Every structure is written in C-alpha cells, then in structure tokens.
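Peer 1: Got a predicted structure here, sequence first:
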Amino acid sequence: MVEVEEKIFTRVDGTERRFTEIVEENIDRVSKSYYTGVATVNDFSNGSMNLFELVNQSDCQYDIEFYMETIKQELLFKYATGDALDDFGAQKGIYREEANFSTSNVLLTLANSLNTPITIFEGTEISTDDTIIFLLAEDVKFEVGQTTANAEIICEEAGSIGNVKAGSINIILTDLPYDLTVTNLNDITDGVDEEDDDSYRDRIVDSHLNYPVGTVKWYEKVAETLVSNAYYHKLSPTNGEIVYKPTSNVTNTDLANLFNQKENDIVNLTINFSPANPRSVIDNGMSIIVHVRSGYSFSVIKTQIINAVSNYVVNLKLGEVFKPSCVGYLCESVEGIQFTQLTGYEEINLENDEYAVIEGDLQVIQG
C-alpha cells in the first residue's frame, strides 16, 4: 500500500471510497499503459517524482468524486419520499413521528335499570354516523339499578381521523342484548397523523448534526432536541448562555445534562441556561370583532379563531415579531367569516429572551 494520508467518503449506495484506492488504481493504470513514443515509467516508490505527481492527480480525482457524490445525495434527499426518506433520517438518528390513536371517554346509558349486574366488554365497537369506529378500552360494569357509566375509548384507526366533535359518537355497532346508547360529551382532539414527508424532511435538514460543532446554530439546535426554541449568546471565549422557551417537564438541569454528554461537551466552555421571559402580546383589553355570514355558527367560528390565534402565538420564536396582520389573516381564513376588526392590537418586537403569551382569555366578539 502506498504511504499517503488516508481520507474517506461514503457513496450514495453506502460503500466507502478511499483516497488510497484511487492512488492504487491510478498506479496500476499508468503501470499497464503504453503510449506510442512514450516509455512506461514504473517507479512509484516513496519519495519519487512519479508518485508525487500521481498523488496530486489522485487528490483532484478524489475531490471530483466526492463533489459528485455530494450532489447525488442532495438530489436524492430532495426528492426522496416514504421509506427512502426514512433511510436518510435513520442515518442521522432522526425518525419519522408516528401516528397517534385518538382516545377519550364516552357516556353509556341504559334505557332501564336492570335487576342483575352486567358488563360491557373491552373491544365493544361504537361509531359516528360516518362510521369512524372506536373501541371500548376497558370492561364497563353496570351495577343493579345503575343506568349510566363512563368508559375509556380508543379509535380503531390511528391519526386525526379520530378527532371528532362532541356528540358525534352515537352508534353501538356490537350486537348487545341491552337497550343501550352512547355519546361523547367532549370533542376528541388528540389523534395525530403520521408525519408527512415535507415535515420530516424539514426536521432532518434542521438537525444539529447539519451544523459545525460549536457554532451558534449548533448550540441552539442541540438545545431544541429538548425545548421548543432556544437562543445562544456567546459571552466570552469560555462562557455562553442559552435562553430557552419554557417547555413542559424540561429544567435547567435537563439541559445541563444534555450538554454534558460526551458528544455535546465542548472543552473549556461553561454554558448557563435561563428560561425566557413571557411577554404579553394579547390581553383582555384587546378584542377581535367577527362579522359572520348567514347560516354559520358563531360559537363554532369563535372556537376555530381561538385555536388558530393561540397556535400562532405559541409558535412564535424568541425574538420574533408579533404581527396583528397575521392575526387578521388567520381570522378571515376561517370559513363563514365576512370580515373582522381588531381592537387594541399592535405590532410587538420580542427580545431574544422573550416569548409571546396571551394574558387572560382571547376576546372574540360577534359584530
């Protein structure tokens, strides 16, 4: 083997390409070649001019091959879908978020009390009018004289298909020898679809593994494996601070432990962690006046507006700008709204250590 410094890259097909392989291939090619009028030179010993020139040429070839493989990987990643995209994510330890089954409770009601206790068994099928099927997640026992009972349920199919309005579940599919009715008293909202390709691709691109270790973005992205949003501020060559958006069940200690892990521990750097400060961008003195088209329910529209605006505020990052124009757009995107008026709203520039909150209840008024 020729004594040259080794370097390696991985091809799209997963195989390794080594610099020494290229050098050996070129030595073999030149040694076996014969050109008219040119004698083949076979002295490729260490220190020879032939080896020096061939290594330089091989280095150029290595760079070209590496560049071409990089382009291939970028194109494949850009257009990869399904299992192919999953393979890219797995290489970085990032996995597609799976679908969640929606769960809730229903009220079971007997038309008449019975003289003996009965049990409605786990797995009993119930559904909505449009045949979204749920299963009882537990046995439900009616004692003598008891006519109502609550039961935990789970949707038969994972995903948002199981998110239904209160009162939607009203059919018992399983044949039972009882005069029994069922209803869900509350909206069901916890069903989540499997992460789509676009969202998954964005998370892979946004991973801290795509940023050089020790850069500002690297610190922020590592922290965001635990918290929803973080801002890194370099205080000195040996000290830094990470301000983060408070996240349920995550403490300063959790973040410190994360950065103390071997792969995240930067020598001679001390990091302080601080939760960001809340900044009210909407309060009780501000209101959204909604003018509803005929035939639409204000209460339904109000709920949709509250959800949309609340999500907008929650998803604002540290240091971003709260824009009333975005609130107005979200409101008027709700079906059934003729137009809206915002009262008391103003643009607010959040500092890097501030996150947006709604103080009190969101005031949505019918105009």
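Peer 2: Thanks, I have the structure now.
Peer 1: Show me where the stretch 51-200 of the chain has its helices.
Peer 2: Listed in chain order, the helices of the stretch 51-200 of the chain (DSSP state H, counting those that start in this stretch) span 82-91, 197-205.
Peer 1: Summarise which helices and strands the shortest one is packed against.
Peer 2: In this structure, helix 197-205 packs against helix 82-91, with contacts taken as 3 or more C-beta pairs under 8 Å, 6 or more residues apart in numbering; DSSP states H and E. (Each C-beta comes from the backbone N, C-alpha and C, glycine too.)
Peer 1: for the record, mean pLDDT for stretch 199-219?
Peer 2: When pLDDT is averaged along stretch 199-219, the result is 84.
Peer 1: how far does it stretch from start to finish?
Peer 2: One end of stretch 199-219 to the other measures 22 Å (C-alpha to C-alpha, to the nearest Å).
Peer 1: Number of residues surrounding the spatially closest residue to Asp190 that is not a sequence neighbour?
Peer 2: Of all residues not flanking Asp190 in the chain, Ser102 sits nearest, at 5.3 Å (C-beta to C-beta, 6 or more residues apart in numbering). The tally of other residues near Ser102 (other C-beta atoms under 10 Å) stands at 23.
Peer 1: List of residues touching stretch 241-248?
Peer 2: 219-220, 223, 226-233, 235, 250, 255, 271-276, 317-318, 352-353, 355 (C-beta atoms under 8 Å, 6 or more residues apart in numbering).
Peer 1: At the geometric centre of this protein, which residue sits there?
Peer 2: For the chain, Arg203 is the residue whose C-alpha lies nearest the centre (C-alpha atoms, centre = their mean; 6.2 Å).
Peer 1: how deep is the closest residue to that residue other than its chain neighbours tucked in, by neighbour count?
Peer 2: Excluding its sequence neighbours, the residue lying closest to Arg203 (C-beta to C-beta, 6+ apart) is Ile94, at 6.1 Å. If you count neighbours by other C-beta under 10 Å, Ile94 ends up with 18.
Peer 1: Please give me every residue in contact with Ile94.
Peer 2: Contacts for Ile94 (C-beta under 8 Å, 6+ apart) come out as Arg203, Ile204, Ser207.
Peer 1: which stretches of the chain have low pLDDT?
Peer 2: Applying pLDDT under 70 to the chain flags the ranges 1-3, 33-43, 47, 267.
Peer 1: Domain map for it?
Peer 2: Domain ranges of the chain: 8-91, 103-183, 208-275, 281-366, per automatic domain parsing.
Peer 1: Of all the ones you listed, which one comes closest to Val192?
Peer 2: domain 103-183 (6.5 Å; C-beta to C-beta).
Peer 1: how close does the nearest residue to Glu5 once chain neighbours are set aside get to Ile71?
Peer 2: Here the nearest residue to Glu5 in space, its sequence neighbours aside, is Phe19; by C-beta to C-beta, 6+ apart that works out to 7.6 Å. Note on Phe19: its distance to Ile71, by C-beta to C-beta, to the nearest Å, is 19 Å.
Peer 1: Compare those two (neighbour count), which wins?
Peer 2: Phe19 (22 against 11).
Peer 1: wait, the more buried one sits on Phe9?
Peer 2: No. Counting by C-beta atoms under 8 Å, Phe19 does not reach Phe9; the two are 9.1 Å apart.
Peer 1: Next SSE downstream of the helix or strand containing Ser299?
Peer 2: In the assignment (DSSP states H and E), Ser299 maps to helix 298-315. Next helix or strand after helix 298-315 toward the C-terminus (DSSP H and E): strand 321-322.
Peer 1: And for Thr70, the neighbour number?
Peer 2: When neighbours are defined as other C-beta under 10 Å, Thr70 has 12 of them.
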